[in-house]
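**Q** Give me a model of this one.
(2 chains)
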Amino acid sequence: MSALLEIEELRVRFGTHEVLHGISFAMERERLALVGGSGAGKSLIGRSILRLLPPGAAMQARRLAFDGIDIAGADAARMRDLRGRRIGWVLQDPKFSLNPVMTIGAQIEEAFRLHHRISRGAARERALASLEAVRISDPLRVHGLYPHEVSGGMGQRAMIAMMLAPDPDLLIADEPTSALDGSSARQVLAILDDLVARRGMGLLFISHDLDLVAGFCDRVLVIEQGRIVERCAAAALGDAQHPYTRRLLAARPRLQA
Amino acid sequence: MTASLEPLPRSAAEARRLRLAEGARALAGNASAVAGLAIVLLLAALGLAAPLLARYDPNLQDLALRLAPPGALHWLGTDELGRDILARLLYGSRVTLSIAAVIALFVPLVGLAAGCAAGFFGGIVDAVLMRTADVFLAFPRLILALALVAAMGPGISHAMLAIALAAWPPYARVARAETLSLRGREFVAAARLAGASPARLLLRHIAPLCLPSLIVRASLDMAGVILTAAGLGFLGLGAAPPTAEWGAMIAAGRRFMLDQWWVAAAPGVAIAVAALGFNLLGEGLRDLLDPRQR
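**A** Down below sits the predicted model:
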């Protein structure tokens, strides 16, 4: 069986300025981390997978395939069907990524109904179930709340519920915890971890936080200036060889004894 | 704000009720908005109840009593054909208010559609729609409406169409500006990432957020629309005689201004009061709806 996601020689240019210089990797239904400093091109890789690049960016790839579907050659309708239904995306900050004038429940229902023809009642059931799946203790209440009425951690869990409702095969999480405080971040990670394991999804985790990634993912790809400079198992990150990875490791804040 | 001390709503419906109540309280606290609302509601009630209130048929001529001064028989006097001015005012408010209502309903929607499409799709769509809007904006509204009615021929529906055509560009501008600031927002990206089509993004996620500014704009615009409608009537391009219309009534009374002042003064006062009412209401609504003012 082929890999869930295959990328070969992915290049992205802004005009004549190339920012991704031939990225190649493949992933199964596993937890894969993309790590790198800001501007390294991590998010751009994620966005290329959904073909939602910022205006002015042009991409080309020898092969870019999701579950055997050629993404580079798919038409717009095909891509819309992939987005959300097969590939979910959790954005960074729930304060901005939820529509301020729709209730959380309505947004989850919409995300689901985009891809499935079901009645309002059934969508509501489904939304409540996904809120429960992200460990929201009172789904009925949260369902009717507006995004400004919930905390950051709650909002991010709602966002995850929204992206999980259509039951995607691959979840891309772009710095899902960097807008949250420490304890909510851990909680959100635990939920992500649990859901990915239970549903057998692939998780592409984009982060700049090495400690987090080392404890959470199976494999790590370190990106520097548009190139993959290190591939290793997360557990072996401490033995990484590449100077950039060593610098990243050395840059972690440490409480000195 | 002391709102956080109040009991939290338990459901979306309750939250909506609370918000409405809060809005109503805020509106009630604004004296000029209340006055404006009262005037507009009163005019609407008078227009609706015109057949009950008017003691005469507005088109009934009584040449023996032409140009009678205000008195017990004809409270506001009669015009040059002996028609009761009060009855004509009451029926005339129907014309004016229906023009205002039609414009208030349709023009913001047209502007919303054009502005959102221009802002969202950009490029050639933006260029075509906005340059068209610029052409309409280049003429003063009354002059443009005049030219359009003159081309189409007089009549109430033509006047409405002309005013609508002259009025939509500012709405499109506002909607486009809102759309530009909204389309880059994360929640729009999130909806797109969830697989939403451009049409859905526009209708569900962008257009609803543009509405408040357009409602504010529309409510402030109504006074101007009433004046434009009356202006067209005055120039004989609005309602065709013998239909009672305020602008046309002033035009007819103009000839007797010095000796029978009430013929022109009554519709003039009516227009002024209506414009004032809509203006006060519009400003009250703006204070209420525009979050930037808070």
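**Q** The residue at minimal distance from the centre of chain B and chain A, how far apart?
**A** For chain B, the residue nearest the mean C-alpha position is B:M222 (3.1 Å; Cα atoms, centre = their mean). If you measure B:M222 against chain A using Cβ to the nearest Cβ, to the nearest Å, the figure is 25 Å. For the C-beta atoms, the positions are set from N, CA and C on the backbone; glycine is no exception.
**Q** next one: B:G184
**A** Separation of B:G184 from chain A (Cβ to the nearest Cβ) stands at 10 Å.
**Q** contacting residues around the residue nearest to the centre of chain B?
**A** When contacts are counted by Cβ atoms under 8 Å, 6 or more residues apart in numbering or on different chains, B:M222 touches B:100, B:103-104, B:278-279, B:281-282.
**Q** Show me these that map onto strands.
**A** Using DSSP state E, no member of the contacts of B:M222 falls within strands.
**Q** Would you check which of those residues are in contact with chain A?
**A** Among these, none lies close to chain A by the criterion of Cβ under 8 Å from any Cβ of the partner chain.
**Q** what would those residues look like in TSV with neighbour count?
**A** TSV is the format used below for the contacts of B:M222 (neighbours: other Cβ atoms under 10 Å in any protein chain shown):
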residue	neighbour count
B:A100	24
B:I103	23
B:A104	17
B:F278	27
B:N279	19
B:L281	26
B:G282	23
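**Q** for chain A, what are the nearby residues on chain B?
**A** Counting by Cβ under 8 Å from any Cβ, the residues of chain B lying close to chain A are B:10-12, B:15, B:185-187, B:189-197, B:200, B:204-205, B:208-209.
**Q** give me that answer again for 10 Å
**A** Those residues of chain B that sit near chain A, judged by Cβ under 10 Å from any Cβ of the partner chain, are B:8-15, B:122, B:182, B:184-198, B:200, B:204-206, B:208-209, B:211-212.
**Q** Now do the helices in the stretch 151-257 of chain A.
**A** Defined through DSSP state H, counting those that start in this stretch, the helices belonging to the stretch 151-257 of chain A, from first to last, are A:152-164, A:182-199, A:210-216, A:243-250.
**Q** Just the strands from chain A, written as ranges.
**A** Taking DSSP E, the strands of chain A run over residues A:5-14, A:17-27, A:31-35, A:57-60, A:63-66, A:69-70, A:87-90, A:170-174, A:202-207, A:219-224, A:227-233.
**Q** Quick one: residues contacting the residue lying closest to A:H21 once chain neighbours are set aside.
**A** If the residues on either side of it in the chain are set aside, A:H21 comes closest to A:G226, at 4.7 Å by Cβ to Cβ, 6 or more residues apart in numbering or on different chains. For A:G226, the contact set (Cβ atoms under 10 Å, 6 or more residues apart in numbering or on different chains) comprises A:10-12, A:18-23, A:36, A:39-42, A:44-45.
**Q** rerun at 6 Å
**A** Contact analysis of A:G226 by Cβ atoms under 6 Å, 6 or more residues apart in numbering or on different chains lists A:19-21, A:41.
**Q** do B:P58 as well
**A** Going by Cβ under 6 Å, 6+ apart, the list of residues near B:P58 reads B:87-88, B:91, B:244.
**Q** in the strand or helix carrying B:A229, what's buried?
**A** Assigned by DSSP states H and E, B:A229 belongs to helix B:207-234. If you call a residue buried by 16 or more other Cβ atoms under 10 Å in any protein chain shown, then helix B:207-234 has these buried ones: B:207, B:209-234.
**Q** picking that back up, what subset of the contacts of B:P58 is buried?
**A** Among the contacts of B:P58, those classed as buried by 16+ other Cβ under 10 Å are B:87-88, B:91, B:244.
**Q** Of the residues you listed, which belong to strands?
**A** Among the buried ones among the contacts of B:P58, no member falls in strands (DSSP E).
**Q** For chain A, state which of those is nearest.
**A** Here the nearest of these to chain A, counting by Cβ to the nearest Cβ, is B:Y91; it sits at 41.6 Å.
**Q** Residues of the stretch 101-250 of chain A that sit close to chain B?
**A** Within the stretch 101-250 of chain A, the positions lying close to chain B (Cβ under 6 Å from any Cβ of the partner chain) are A:101, A:103, A:111, A:114, A:144.
**Q** Could you pull out the helices in the stretch 151-294 of chain B for me?
**A** If DSSP H, counting those that start in this stretch is used as the criterion, the helices of the stretch 151-294 of chain B fall at B:156-183, B:186-193, B:198-200, B:207-234, B:246-253, B:262-289.
**Q** Now mean pLDDT too, for those, in CSV please.
**A** As requested, the helices of the stretch 151-294 of chain B are arranged in CSV below (pLDDT from 0 to 100):
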stretch, mean pLDDT
helix B:156-183, 91
helix B:186-193, 86
helix B:198-200, 88
helix B:207-234, 87
helix B:246-253, 88
helix B:262-289, 88
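**Q** orientation of the helix holding B:A229 relative to helix B:156-183 in degrees?
**A** Inter-element angle recorded for helix B:207-234 and helix B:156-183: 150 degrees (by axes from the mean of the first three to the mean of the last three Cα atoms, to 10 degrees).
**Q** what is the orientation angle of helix B:207-234 with helix B:186-193?
**A** 110 degrees.
**Q** Find me the pLDDT at the residue in the stretch 101-250 of chain A that chain B sits nearest to, would you?
**A** Residue nearest to chain B within the stretch 101-250 of chain A (Cβ to the nearest Cβ): A:G144, separated by 4.0 Å. At A:G144 the predicted local confidence, pLDDT, stands at 89.
**Q** so how far is A:A57 from it?
**A** A:G144 sits 39 Å away from A:A57, going by Cβ to Cβ, to the nearest Å.
**Q** try B:A145
**A** Distance, B:A145 to A:A57, using Cβ to Cβ: 46 Å.
**Q** again with A:M201
**A** 27 Å.
**Q** Between those two, tell me which one has more neighbours.
**A** When A:M201 is set against A:A57 and neighbours are counted by other Cβ atoms under 10 Å in any protein chain shown, the residue ahead is A:M201, at 21 against 16.
**Q** wait, isn't the more buried one in contact with A:D167?
**A** No: counting by Cβ atoms under 6 Å, A:D167 is not a contact partner of A:M201; they are 8.5 Å apart.
**Q** next one: phi and psi at the residue nearest to A:H21?
**A** Note on A:G226: backbone dihedrals following degrees, to the nearest 10 are phi 80, psi 10.
**Q** got any ranges where chain A has weak pLDDT?
**A** Residue ranges of chain A with pLDDT under 70: A:1-2, A:254-257.
**Q** try 50
**A** Under the criterion of pLDDT under 50, the regions of chain A flagged as low confidence span A:1.
**Q** Next, count neighbours for A:G105.
**A** Based on other Cβ under 10 Å, the number of other residues close to A:G105 is 24.
**Q** how deep is the closest residue to it other than its chain neighbours tucked in, by neighbour count?
**A** Once flanking residues are discounted, A:G105 sits nearest to A:H143: 3.4 Å by Cβ to Cβ, 6+ apart. When counting by other Cβ under 10 Å, one arrives at 22 neighbours for A:H143.
**Q** Quickly note the distance from the residue nearest to A:G37 when sequence neighbours are not counted to A:A33.
**A** Leaving aside its sequence neighbours, A:G37 sits nearest to A:H208 (Cβ to Cβ, 6+ apart; 6.4 Å). From A:H208 across to A:A33, the span is 10 Å (Cβ to Cβ).
**Q** Have a look at the two and say which one is more surrounded.
**A** In terms of neighbours (other Cβ under 10 Å), A:A33 is the more surrounded of A:H208 and A:A33; the figures are 25 against 17.
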